[in-house]
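K.L.:
Let's see this in three dimensions:
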Amino acid sequence: MTENRVVLITGASSGFGRETARLLLARGFKVYGTSRNPSAKPQETGVGMIALDVDSDDSVRHGVKELFDETGRLDVLVNNAGYVLTGGAEETSIAEAKAQLDTDFFGPVRMAKAVLPAMRKQGSGQIINISSMAAFLPVPFEGYYAAAKAALLAWSEALRHEVKSLGIKISVIEPGFFRTNLGDARRVAEYPIRDYDHLRVRAVTALDDDFRNGADPKIVGETVLRIITSKNPKLEYAVGREGRYRRLKHLMPQSIIENGVRKHWKLDL
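P.N.:
Predicted coordinates:
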């Protein structure tokens, strides 16, 4: 029964995380969310919030322990917490790049390592990692975000093979553009290079338009529900209108894809 299943969602205070929490709560799941500072934002009634920073080993360990002390089990982990760093490959410092990967790749890694012992003991469990279409179609001036999401996809596929025989399921969702605060909350490389200014401004302007015109984030929550309730969930779920580009990238000549990317991001005006 769903009412006995415990779900933990990182980054549950906004965007995909909050929409997923609302949907699962309405379907009878026992839902917990994480946020670096749960008291800073109004939370969904009925969702248990845990203070947890996915960048910190200690915070993850303590937060997961708090969950297990209360529930005694965990059936589903949804790794959603993350942010976008905007800056060209040359403009972005190594420290900034490491911080991006620390949250968007190693954050899910920390969470998985923290919950897998209990899932192995249970003989069941599920981990759903929120990646991005940028994993297969990187956005210019957000290359380190794309790198983190691509790493998350590759790691998830390896993990899926490692834990399948232990009763644990792994899936990845790759959203396109949705109306979330991801763009508004972006971080920007501290030392921009003037030669890139006109290209960066065009690309970011086009990106902001895509976010404003994006799909309803509830669709990602519905996809999470579909994965959880599926007997044999797939590895990858490309979600949103942009999902078709995954297929096209493998079917069409590389030159056509590259020209289309450059046109969309207005890099050749």
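
K.L.:
Helices of the stretch 101-250 of the chain, residue ranges please.
P.N.:
Residue ranges of the helices in the stretch 101-250 of the chain, as given by DSSP state H, counting those that start in this stretch, are 106-122, 143-163, 197-212, 218-229, 244-251.

K.L.:
the bottom helix or strand of the chain by mean pLDDT?
P.N.:
Here the helix or strand of the chain ranked lowest by mean pLDDT, DSSP states H and E is helix 244-251, holding a mean of 78.

K.L.:
quick one on the thing from earlier: which stretch among the helices of the stretch 101-250 of the chain comes nearest Glu44?
P.N.:
Of all those, it is helix 218-229 that lies closest to Glu44, at 11.7 Å by CB to CB. In short, each C-beta sits where N, CA and C put it, glycine included.

K.L.:
Which other helices and strands does the least confident helix or strand of the chain contact?
P.N.:
On a contact count with 3 or more CB pairs under 8 Å, 6 or more residues apart in numbering; DSSP states H and E, helix 244-251 meets no helix or strand.

K.L.:
Let's see it as PDB, backbone CA atoms only.
P.N.:
As requested, C-alpha coordinates have been extracted for helix 244-251 and formatted as PDB (Å, rounded to 0.1, in the frame of the first residue of the first chain):
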ATOM      1  CA  ARG A 244      12.600  14.500 -28.900                       C
ATOM      2  CA  TYR A 245      16.100  16.000 -29.400                       C
ATOM      3  CA  ARG A 246      17.600  12.900 -27.700                       C
ATOM      4  CA  ARG A 247      16.400  10.800 -30.600                       C
ATOM      5  CA  LEU A 248      17.100  13.400 -33.200                       C
ATOM      6  CA  LYS A 249      20.700  13.800 -32.000                       C
ATOM      7  CA  HIS A 250      21.300  10.100 -32.900                       C
ATOM      8  CA  LEU A 251      19.400  10.100 -36.100                       C
END
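
K.L.:
Buried residues in it, which are they?
P.N.:
Buried positions in helix 244-251, judged by neighbour count with 16 or more other CB atoms under 10 Å: Tyr245, Arg246.

K.L.:
that older thread, now the helices of the stretch 101-250 of the chain as JSON lines including distance to Ala81?
P.N.:
JSON lines is the format used below for the helices of the stretch 101-250 of the chain (distance: least, CB to CB, whole Å):
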{"stretch": "helix 106-122", "distance to Ala81": "6"}
{"stretch": "helix 143-163", "distance to Ala81": "12"}
{"stretch": "helix 197-212", "distance to Ala81": "18"}
{"stretch": "helix 218-229", "distance to Ala81": "14"}
{"stretch": "helix 244-251", "distance to Ala81": "24"}
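
K.L.:
Going by mean pLDDT, which of those helices comes out lowest?
P.N.:
Ranked by mean pLDDT, the helices of the stretch 101-250 of the chain end with helix 244-251 at the bottom, a mean of 78.
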